[in-house]
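K.L.:
Would you be able to build a 3D model of this:
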Amino acid sequence: MRRAERGHDAVARLNPRDRTLDRIATRRIRSDRLIPGKGGVLVAVSGGGDSVALLHFLAGERGRTGIPASLSVGHVNHGLRGADSDADAAFVRALAIELGLAYFEETIPPGALRPAGE
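P.N.:
This is a model prediction of the structure:
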């Protein structure tokens, strides 16, 4: 899954390796007990391709197997890129709603983030 450059519209691109990756990930989750059967998972989603792909995978896994028992989406709007940061937050919120998942967002106040040592 990849989002469009400016519009943040999700564009599905099928890749023949996707099914193989899904099988490997599913097998690893089960064999290593990475996600407890009765537990919940909060997925931190930035709006970038990696975290969006992870969310889609986990939502699909939950639909197929019931694991994780609950799935939620979290996003931190650092505000470091102005309107682009707000657009990322809106994209992630809309994606959570589309998938029927609980959504949690935290916005960092402007100027609150400082380099280490200050």
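
K.L.:
all helices in this structure, in order from the N-terminus.
P.N.:
Secondary structure of the chain (DSSP state H): helices located at 17-31, 49-65, 83-99.

K.L.:
Out of those helices, which gets nearest to Val41?
P.N.:
helix 49-65 (6.4 Å; Cβ to Cβ). For every residue, glycine as well, the C-beta is placed using N, CA and C.

K.L.:
which residues touch the most centrally placed residue in the chain?
P.N.:
Note on the chain: the residue nearest the mean C-alpha position is Val45, at 3.4 Å, using Cα atoms, centre = their mean. Contact analysis of Val45 by Cβ atoms under 8 Å, 6 or more residues apart in numbering lists 51-52, 54-55, 73-75, 92, 95-96.

K.L.:
Quick check: longest strand in this protein by residues?
P.N.:
Under DSSP state E, the strand in the chain containing the largest number of residues is strand 70-77.

K.L.:
Just the C-alphas of it, formatted as PDB.
P.N.:
Only the C-alpha atoms of strand 70-77 are listed here, as PDB (Å, rounded to 0.1, in the frame of the first residue of the first chain):
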ATOM      1  CA  SER A  70      -8.500  -6.100  19.500                       C
ATOM      2  CA  LEU A  71      -6.700  -3.700  17.300                       C
ATOM      3  CA  SER A  72      -6.400   0.100  17.700                       C
ATOM      4  CA  VAL A  73      -4.500   2.900  15.900                       C
ATOM      5  CA  GLY A  74      -2.300   5.500  17.500                       C
ATOM      6  CA  HIS A  75      -0.800   8.600  15.900                       C
ATOM      7  CA  VAL A  76       1.400  11.300  17.300                       C
ATOM      8  CA  ASN A  77       1.200  14.700  15.500                       C
END
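
K.L.:
Enumerate every residue touching Leu54.
P.N.:
So Leu54 contacts 43, 45 (Cβ under 8 Å, 6+ apart).

K.L.:
Correction: the previous question concerned Leu80.
P.N.:
Contacts of Leu80 by Cβ under 8 Å, 6+ apart are Leu113.
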